[in-house]
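S.K.: model this:
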Amino acid sequence: MAPPSRGAEVRAMASKSADVRPKITLACVDCKERNYITKKNRRNDPDRLELAKFCPRCGKHTSHRETR
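M.R.: Residues are numbered from 1 along each chain as shown. Modelled structure (predicted):
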């Protein structure tokens, strides 16, 4: 493998816990099934995310909350 060129910076990869935009799972409030995976910005939305999404198990639009 060739050595890095002049002026190239070596950056360490960020750990999953320090990620600014982590993957989160959304679970239906009614049936507790985890239906969706999305990303959120931890700096803009520090509290738990809640969205109205379609739940295929319930067959209707329900509230989906972020799970850990």
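S.K.: got a pLDDT number for the residue nearest the centre of the chain?
M.R.: Closest residue to the average C-alpha location of the chain: Lys23 at 2.1 Å, with CA atoms, centre = their mean. Per-residue confidence at Lys23 stands at 93 (pLDDT).
S.K.: Repeat that for the one 10 residues further on.
M.R.: Reading off the confidence values, Glu33 has pLDDT 95.
S.K.: What about it, how many residues nearby?
M.R.: Counted with other CB atoms under 10 Å, the neighbours of Glu33 add up to 13. Quick note: C-beta positions are derived from backbone N, CA and C, even for glycine.
S.K.: Ramachandran coordinates for it?
M.R.: The main-chain torsion angles of Glu33 are listed as degrees, to the nearest 10 and equal phi -80, psi 140.
S.K.: Quick check: it touching Leu26?
M.R.: No: counting by CB atoms under 8 Å, Glu33 does not reach Leu26; the two are 10.0 Å apart.
S.K.: thinking again about what came up before, so the residue nearest to the centre of the chain bridges to which residues?
M.R.: Under DSSP bridges, the beta-bridge partners of Lys23 are Lys39.
S.K.: ok, now how distant is it from Asp45?
M.R.: If you measure Lys23 against Asp45 using CB to CB, to the nearest Å, the figure is 14 Å.
S.K.: residues contacting Glu66?
M.R.: Taking CB atoms under 8 Å, 6 or more residues apart in numbering as the contact definition, Glu66 lies against Ile24, Thr25, Leu26, Lys40, Arg48, Leu49, Glu50.
S.K.: In strands, which of these fall?
M.R.: With strands taken from DSSP state E, the overlap with the contacts of Glu66 comprises Ile24, Thr25, Leu26, Glu50.
S.K.: ok, of these, which one's closest to Ser15?
M.R.: Ile24 (16.6 Å; CB to CB).
S.K.: what's the distance between that closest one and Gly59?
M.R.: According to CB to CB, Ile24 stands 24 Å off from Gly59.
S.K.: Comparing the two, which residue is more hemmed in?
M.R.: In terms of neighbours (other CB under 10 Å), Ile24 is the more surrounded of Ile24 and Gly59; the figures are 18 against 8.
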